[in-house]
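Trainee: mind folding the following:
(chains A and B)
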Amino acid sequence: MSRIGAGARRSMLLRSFAVQGAWNYRSFIGTGMAFVLAPALRRVHAGDPAALGAALSRHAELFNSHPYLATVAAGAVARLEDDGTPAETVVRFKNALRGSLGALGDRLVWLVWRPASVLLGVSLVLAGAAWWVALLAFLAVYNALHLWMRAWGLRVGLREGLGVARALREAPFPALGEAGARAGAVLAGLATVLAVGRTAGSAPEWWGVGAAAAALGIALGRRVRPTAAVGLLVVLIAGLLLAPR
Amino acid sequence: MIPDLPLLAALAVLGGLVALDGASVGQLMLSRPFAAATLGGLAAGRPGEGMVAGVVLEALHLAVLPVGAASYPEGGPPAVAAGAAFAASGHSYAALLGIVLFALGCEWVGGKTVERMRQLNVRFSGVAPGAAPGTVGRRVAAAVALDFARGALLALAAALLLGWLLGRVQLSRVPEEWARLALGLTVAAAVASALRLFGRGHWPFFAAGALGGAALLVLG
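Mentor: Below is the predicted model of the structure:
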């Protein structure tokens, strides 16, 4: 019978939103991980303050992960502590887990889901939707996955313990990533044409310029940001100095 | 053009909140320029105008990835100030051009302050085995408070400086048409560049979306 009841699980889930609260260059999210684990550790080590202090200290050491999937590690570690697994095993397990949790989350969330969600909002604005519709659509779509990942991670971690790697392999992340990438590419194409259309208006010569800008954007990739900044600065200075009065 | 005191206070609070949302607490993406600028516009009474600034800043922020311990520009607090400033500008594209450039500079400064804060946060790392059980919670709370204060100060400074600059620089000398075209082409290029995030192999999907956009323009 687990000593980590529903109240402790809820508290861990809520605390997971602040897992990066004390992000630093020495222990990364280690302090935050101990903060998330504290409700479970208090129950596991109830009546033994020395063991509780030692466990919190152990779990405040270096750890890093994607923030949404940190709940997988927190759940699994809480389960191992509850099972009385030796401390060295728990530490080794955490070290083995952190790389894959970081890579999985970065690839799915930062690289695909977030840009796809925000492109949905941007496309809606460019298509003429009300500001609140676009904002709600972006936040709802993005956070549907975000909140599911946190809750799923904690549940799976607590259930599987050391076997959490299998659950991660069987999770639908690759399929979600591919679907998100396809939807994101569609939305990028849609938003690009809507942006060109809004810029060109009824002047056909600007359609060609807009298409060239889009092609340049694709070619530049991440370098579009500094390039665009320089371009905007040139237009600003030229406008201030050269524009006809 | 400098916002009045109640608006400045609201922008500072929003700046602190979106700074927290960026990494420390939540990560619900209220900190994205698209949302943060809209919130800034909302505080100034014109959320739709704030969102226009947010679209330009968001397009330029799409490829910024917070992977690992990488240093990256911080979009939230500057976008709050930018959204409010554009809301107060009377929908001038020339003003938006200046606001966007200012916000890009501020994003860089914000990124540097995040780096500095993470160095300071080293004092909150680790817990001694004999420490009281509440120590971890207090450390996280202290770091969160520091981040809130940092974001609030950044948004406040950005709003004040932006208001002062917009009052000093005669941006109305920049032709509206020049600014509108430059900003529109920037959004088109930056949004198109997102194809690289999804993989260039997905270009048939990009093309399908482009066709859909063309159909919308023709029908609408």
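Trainee: residue boundaries of the helices in chain A?
Mentor: Applying DSSP state H to chain A gives helices spanning A:6-16, A:30-44, A:49-59, A:70-83, A:87-105, A:114-126, A:131-160, A:164-170, A:173-200, A:205-220, A:224-242.
Trainee: ok, now chain B?
Mentor: B:5-19, B:33-43, B:47-61, B:76-87, B:93-120, B:135-168, B:176-193, B:195-198, B:203-219.
Trainee: out of those, which one sits most buried?
Mentor: helix B:76-87 (a mean of 34; mean count of other Cβ atoms under 10 Å in any protein chain shown). Any C-beta I mention is one placed from the backbone N, CA and C, and that applies to glycine too.
Trainee: by how many degrees do it and helix B:93-120 diverge?
Mentor: Relative orientation of helix B:76-87 and helix B:93-120, computed by axes from the mean of the first three to the mean of the last three Cα atoms, to 10 degrees: 160 degrees.
Trainee: show the contacting residues for the residue nearest to B:Ala194 when sequence neighbours are not counted.
Mentor: Nearest residue to B:Ala194, sequence neighbours excluded (Cβ to Cβ, 6 or more residues apart in numbering or on different chains): A:Ala188, at 4.4 Å. Contact analysis of A:Ala188 by Cβ atoms under 8 Å, 6 or more residues apart in numbering or on different chains lists A:119, B:191-192, B:194-195, B:198, B:206, B:209.
Trainee: do A:Arg3 as well
Mentor: So A:Arg3 contacts A:43-44, A:46, A:82 (Cβ under 8 Å, 6+ apart).
Trainee: that one: what's its closest spatial neighbour, skipping adjacent residues?
Mentor: A:Arg43 (4.8 Å).
Trainee: quick check: the one you found touching A:Ala6?
Mentor: No: if you go by Cβ atoms under 8 Å, A:Arg43 and A:Ala6 don't touch, sitting 11.4 Å apart.
Trainee: the more surrounded of these two?
Mentor: Neighbours per residue (other Cβ atoms under 10 Å in any protein chain shown) separate A:Arg43 from A:Ala6, with A:Arg43 holding more: 18 against 7.
Trainee: the more buried one and A:Ile218, how far apart?
Mentor: Distance, A:Arg43 to A:Ile218, by Cβ to Cβ, to the nearest Å: 53 Å.
Trainee: now do B:Ala19
Mentor: 32 Å.
Trainee: same question, B:Gly163
Mentor: In terms of Cβ to Cβ, B:Gly163 sits 37 Å off from A:Ile218.
Trainee: now for the spatially most central residue of chain A: which residues touch it?
Mentor: Centroid check for chain A by Cα atoms, centre = their mean gives A:Val109 as the closest residue, at 4.6 Å. By Cβ under 8 Å, 6+ apart, the residues touching A:Val109 are A:66, A:68, A:145-146, A:149.
Trainee: from those residues, which are also near chain B?
Mentor: A:68, A:146 (Cβ under 8 Å from any Cβ of the partner chain).
Trainee: could I get the contacts of A:Val109 in a markdown table, plus columns for distance to B:Gly40?
Mentor: Listed next are these as a markdown table, based on distance: Cβ to Cβ, whole Å:
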| residue | distance to B:Gly40 |
| --- | --- |
| A:His66 | 28 |
| A:Tyr68 | 26 |
| A:Leu145 | 26 |
| A:His146 | 23 |
| A:Met149 | 29 |
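Trainee: mind putting the helices of chain A in TSV, mean pLDDT included?
Mentor: Putting these into TSV (pLDDT from 0 to 100) gives the following:
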stretch	mean pLDDT
helix A:6-16	97
helix A:30-44	96
helix A:49-59	94
helix A:70-83	96
helix A:87-105	92
helix A:114-126	98
helix A:131-160	98
helix A:164-170	93
helix A:173-200	96
helix A:205-220	94
helix A:224-242	95
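Trainee: mind putting the ones you listed into JSON lines with distance to B:Phe148?
Mentor: Shown next, in JSON lines, are those (distance: least, Cβ to Cβ, whole Å):
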{"stretch": "helix A:6-16", "distance to B:Phe148": "17"}
{"stretch": "helix A:30-44", "distance to B:Phe148": "16"}
{"stretch": "helix A:49-59", "distance to B:Phe148": "25"}
{"stretch": "helix A:70-83", "distance to B:Phe148": "21"}
{"stretch": "helix A:87-105", "distance to B:Phe148": "25"}
{"stretch": "helix A:114-126", "distance to B:Phe148": "23"}
{"stretch": "helix A:131-160", "distance to B:Phe148": "21"}
{"stretch": "helix A:164-170", "distance to B:Phe148": "33"}
{"stretch": "helix A:173-200", "distance to B:Phe148": "31"}
{"stretch": "helix A:205-220", "distance to B:Phe148": "35"}
{"stretch": "helix A:224-242", "distance to B:Phe148": "27"}
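Trainee: looking at those helices, spot the one closest to B:Pro33.
Mentor: helix A:114-126 (9.0 Å; Cβ to Cβ).
Trainee: hmm, that closest one touching chain B?
Mentor: Yes: counting by Cβ under 8 Å from any Cβ, chain B has neighbours in helix A:114-126: A:114-119, A:121-122, A:125-126.
Trainee: verify the stated contact: B:Val136 with B:Val127.
Mentor: Yes: when contacts are counted by Cβ under 8 Å, B:Val136 is listed as touching B:Val127 (5.6 Å).
Trainee: any stretches of chain B with poor pLDDT?
Mentor: Low-confidence segments of chain B, defined by pLDDT under 70: B:68-69.
Trainee: farthest residue from the center of it?
Mentor: B:Gly130 (41.8 Å).
Trainee: list the contacts for the closest residue to that one other than its chain neighbours?
Mentor: Take B:Gly130 and drop its neighbours on the chain: the residue closest to it by Cβ to Cβ, 6+ apart is A:Gly53, 5.7 Å away. Contact analysis of A:Gly53 by Cβ under 8 Å, 6+ apart lists B:128-133.
Trainee: for ChimeraX, what selects the buried ones among those?
Mentor: The buried subset of these, as determined by 16 or more other Cβ atoms under 10 Å in any protein chain shown, is captured in ChimeraX by this line:
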select /B:131,133
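Trainee: nearest to chain A, of the contacts of A:Gly53?
Mentor: For those, the closest approach to chain A (Cβ to the nearest Cβ) belongs to B:Pro129, at 4.2 Å.
Trainee: surely the closest one and A:Ser57 touch.
Mentor: Yes: using Cβ under 8 Å, B:Pro129 is in contact with A:Ser57, at 4.2 Å.
Trainee: just how off-centre is stretch A:25-42 within its chain?
Mentor: Mean-position distance between stretch A:25-42 and its chain equals 19 Å (Cα atoms, centre = their mean, to the nearest Å).
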